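Student: with the input below, show me the fold.
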Amino acid sequence: MNRNLPSWLQRHINIFDIEQIHHAFIISGSKGIGKSLLIESLSEKLLNNKISLENNPDFHNLKILDEKKLIGIDQIHELRDKLYESSFLGKNKVAVINEIEKISIDGLNAILKILEEPPKNTYFLLSTNFLNKIPLTIQSRCFDLRISSPDIEQSLGWLSHYQTKDALKALEITNNLPIKAKYFLDNNLLDTRDNFVKDVSGIIKEGKDIISISEKWIKDNDTLNLKLEWMSQILSDSIKFHADKSIESLTSDTDAISKYLSGVASPEKIHKLISKTNYLWNLFSRETNLRKDYQLGALFIDWEKYLGVSKKV
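Tutor: Numbers count the residues shown, from 1 in each chain. Sure thing, here's the model as predicted:
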């Protein structure tokens, strides 16, 4: 029941072919590498029945409530009570918690107590994008399952129903994360990327009005954080080009921008801009009530101040 699981994930299924397996797993790896696909397949294997996961009473998938920013201790207590009950179908029970770094401190302590004395025939599948943020006390009670990026041939094979040039571009700008690349391809984000490169190139080469571009980006709120990630990547590439003049290419469609910036700004100034850009990304990710137009405009002004990339302010 692996639903054509990608080859770089398939090998992890084999650990479940032994009779005695661990009761808890931490599945770590970059966002977009396929952790959710693997967890779904592992859950189906552990539950070993034909009922879909969403309709299986022995499958528990803990998520952040809509009005919350973290998984709270009350949710953990509710999960604990369900897990200590008998299985509805008389077999195994599976508890899935994605992005466990988003559990409150009290919640993590409660999870630890459950892992120390796990309910019978119950398996925990925990995932994280940032293993270093997970307390060692939690890690020590789980089997460590780390997913690394596939080679480019595996990624292209999985994306074979897309045009090769588009798949290669999507893989390049997502750092060879196939699930994320597929999302880009399915949602026309390659066009968004092209427009982003044109905007930044326009600021640098033509002195386009940074305020008008800022206002344009604000109107497309769904891709705003993605563009901030791309801005940060351009700056990071600039530092690499500055440090090693022998590097020919890092990110093909923005190499010219990064190389230019590496020649007109010091690494210290670029580092400051990376910090400011990442700070704004974090603010926007938390969906605060701040004025996004004001904050983004201020960031563009900082780009002009630190890099001198625009003739208009």
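
Student: domain ranges for the chain?
Tutor: 7-148, 189-307 (automatic domain parsing).

Student: can you put those domains in TSV and add distance to residue 157 and mean pLDDT?
Tutor: Glycine gets a C-beta too; all of them are placed from N, C-alpha and C. Shown next, in TSV, are the domains of the chain (distance: least, Cβ to Cβ, whole Å; pLDDT from 0 to 100):
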stretch	distance to residue 157	mean pLDDT
domain 7-148	7	90
domain 189-307	20	90
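
Student: make a markdown table out of these and add distance to residue 155 and mean neighbour count.
Tutor: Listed next are the domains of the chain as a markdown table, based on distance: least, Cβ to Cβ, whole Å; neighbours: other Cβ atoms under 10 Å:
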| stretch | distance to residue 155 | mean neighbour count |
| --- | --- | --- |
| domain 7-148 | 8 | 16 |
| domain 189-307 | 16 | 16 |
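
Student: could you dump the ones you listed to CSV with distance to residue 163?
Tutor: Formatted as CSV, these follow (distance: least, Cβ to Cβ, whole Å):
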stretch, distance to residue 163
domain 7-148, 20
domain 189-307, 10
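
Student: so which of these comes closest to residue 180?
Tutor: Of all the domains of the chain, it is domain 7-148 that lies closest to residue 180, at 2.8 Å by Cβ to Cβ.

Student: what about that closest one, start to end distance?
Tutor: 12 Å (Cα to Cα, to the nearest Å).

Student: same question for stretch 66-84.
Tutor: 26 Å.

Student: what does it contact?
Tutor: 60, 62-65, 93, 95, 97, 102-104, 106-107, 110-111, 114, 119, 122, 286 (Cβ atoms under 8 Å, 6 or more residues apart in numbering).

Student: sort out for me which of these are in helices.
Tutor: Among the contacts of stretch 66-84, the members falling in helices (DSSP state H) are 106-107, 110-111, 114.

Student: quick check, nearest of these to residue 30?
Tutor: The closest of the ones in helices among the contacts of stretch 66-84, once distances to residue 30 are taken by Cβ to Cβ, is residue 111, at 23.0 Å.

Student: just to revisit the earlier point, and of the domains of the chain, who's closest to residue 164?
Tutor: domain 189-307 (13.2 Å).

Student: what's the first-to-last distance across that closest one?
Tutor: End-to-end distance (Cα to Cα), domain 189-307: 27 Å.

Student: same check on stretch 168-181?
Tutor: Taking Cα to Cα as the criterion, the two ends of stretch 168-181 lie 9 Å apart.

Student: ok, stretch 122-140 next?
Tutor: Start and end residues of stretch 122-140 are separated by 18 Å (Cα to Cα).

Student: again with stretch 244-257
Tutor: OK, stretch 244-257 end separation, Cα to Cα: 16 Å.

Student: what's next to it, contact-wise?
Tutor: With contact meaning Cβ under 8 Å, 6+ apart, stretch 244-257 is reached by 169, 172-173, 193-194, 197, 200-201, 204, 230, 233-234, 237, 240-241, 258.

Student: those: which two are farthest apart?
Tutor: Between any two of the contacts of stretch 244-257 (Cβ to Cβ), the greatest distance is 23.0 Å, for 194 and 240.
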